[in-house]
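[1] Quick one: sequence and predicted model below, then my questions.
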Amino acid sequence: MIKLAKPHISGKAIEKVVEVLKSGNLVQGKYVEEFENALCDYLNVKNAIVVSSGTAALHLALLALEIKEGDEVIVPAFTFPATANVVEVVGAKPVFVDINLSDFCIDTSKIEEAITKRTKAIMPVHEFGQAAKMDEIVKIANHYNLKIAEDAACALGAEFENQKVGTFGELGCFSFHPRKAITTGEGGVVVTSDDELAQKINVLRNHGISYKDGKVDFIAAGLNYRMTDFQAILGICQLEDIDNIIIQRIETANKYNNELKKTNWIKTPHVYENRKMVYQTYHVLLDDDKDRDKLVDYLKSKEIESNLGAQALPCLTYYKTKYKLKESDFPNAVNAYKQGLALPMGDHVTTEDITYISNTLKTMFSG
């Protein structure tokens, strides 16, 4: 089976993890600090606070921004549910905006009509490792005095106009899940150049603890969102190779594009001159008359793992029922949800695999 994704963990990384495990110093320690410093350098930000998951990062971001009951947060209608779930968890309301089918990110031309007196923040998602149109989002946020918390879970290393995503807003959130470019198993990070926000997140991720003059105090109702040291050393080793990982993913995507360019019922990812995509997922869009689910089953029968790319949140029972949403109000999100297909991506996918996958795709509807 050609797997949809497979994390590459070097021998060096395994050795380092074993060293930490044998040391007995397993919780948040020196390697967490070292990982945070390395991420600051890579992303050119002042503060990086690593946490237990990408969802934890998003949750802490909203808590730090003091998003609360009665507030509204604008999110794209097509994303992984965690983006909207954390808005619900803090008691606020996610307000969904449709996406573009060219980049699968929020349609910036539709954001302003979704803003109300209760809107406090915009949470753009850099879907599949493609940067959202951050120039427009920043312009809108500044005009309406809104905060920006970027969901860059899939997009470590992605850029918009030569600036890394996750660094445009007040806060940026990344995931280190095994399907991401680098992994710590589970894990995430919140980045910011705002020292006050960083301090809030540091306190909230560790039970609300504050250290002052050698004394411990609890100054907030915090959580246990800490990352372990053995996860951090795994992240350090992988971050050292992030540039090569991204190059490999771009090369794989280019090979797919070349193989599939003449398959007229498949729309391959759009390449923008002013954006750097890191291809956390190689996501294609099928013509409306093609049965995506039937194709997934067919590929599986040929030992190829594939899947849908993300969810249209207005189609999901919880959000559709609670907010009485109509799928017809989010046509692009629904189309991406029902006709999108994620193909195997990672350094485990060989040139021969890409040719085989592409030829297998073509045979499905050849007759």
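    Okay, I see it.

[2] okay, CA-based contacts and neighbour counts for the rest of this
    OK.

[3] what about the chain, any weak spots by pLDDT?
    Along the chain, the model assigns pLDDT under 70 to residues 366-367.

[4] Please enumerate the helices of it.
    With DSSP state H as the criterion, the chain has helices at 11-23, 30-43, 54-64, 82-89, 134-144, 195-204, 229-239, 242-260, 292-301, 317-322, 331-339, 351-364.

[5] Can you lay out those helices as CSV showing mean neighbour count?
    Shown next, in CSV, are the helices of the chain (neighbours: other CA atoms under 10 Å):
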stretch, mean neighbour count
helix 11-23, 14
helix 30-43, 18
helix 54-64, 25
helix 82-89, 20
helix 134-144, 15
helix 195-204, 19
helix 229-239, 24
helix 242-260, 18
helix 292-301, 16
helix 317-322, 12
helix 331-339, 22
helix 351-364, 16
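
[6] Residue 117: neighbouring residues, count only.
    Other residues lying near residue 117 total 8 when counted by other CA atoms under 10 Å.

[7] Can you say which of the helices of the chain is nearest to residue 188?
    helix 54-64 (4.3 Å; CA to CA).

[8] which other helices and strands contact that closest one?
    On a contact count with 3 or more CA pairs under 8 Å, 6 or more residues apart in numbering; DSSP states H and E, helix 54-64 meets helix 82-89, strand 147-151, strand 171-175, strand 188-192, helix 195-204.

[9] who's in contact with that helix?
    Contact with helix 54-64 is made by 50-51, 82-83, 86-87, 89-90, 149, 151, 153, 171, 173-177, 186-190, 197, 200-201, 204-205, 225, as judged by CA atoms under 8 Å, 6 or more residues apart in numbering.

[10] and it with strand 171-175, angle?
    Interaxial angle of helix 54-64 relative to strand 171-175 (axes from the mean of the first three to the mean of the last three CA atoms, to 10 degrees): 160 degrees.

[11] Just the C-alpha atoms of helix 54-64, please, in PDB.
    Extracted in PDB, the C-alpha atoms of helix 54-64 (Å, rounded to 0.1, in the frame of the first residue of the first chain):
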ATOM      1  CA  GLY A  54      -2.000  22.100  17.100                       C
ATOM      2  CA  THR A  55      -5.500  22.300  18.600                       C
ATOM      3  CA  ALA A  56      -4.000  23.300  22.000                       C
ATOM      4  CA  ALA A  57      -2.100  26.100  20.100                       C
ATOM      5  CA  LEU A  58      -5.400  27.400  18.600                       C
ATOM      6  CA  HIS A  59      -7.200  27.200  22.000                       C
ATOM      7  CA  LEU A  60      -4.400  29.100  23.800                       C
ATOM      8  CA  ALA A  61      -4.300  31.700  21.000                       C
ATOM      9  CA  LEU A  62      -8.000  32.500  21.500                       C
ATOM     10  CA  LEU A  63      -7.700  32.500  25.300                       C
ATOM     11  CA  ALA A  64      -4.700  34.900  25.100                       C
END
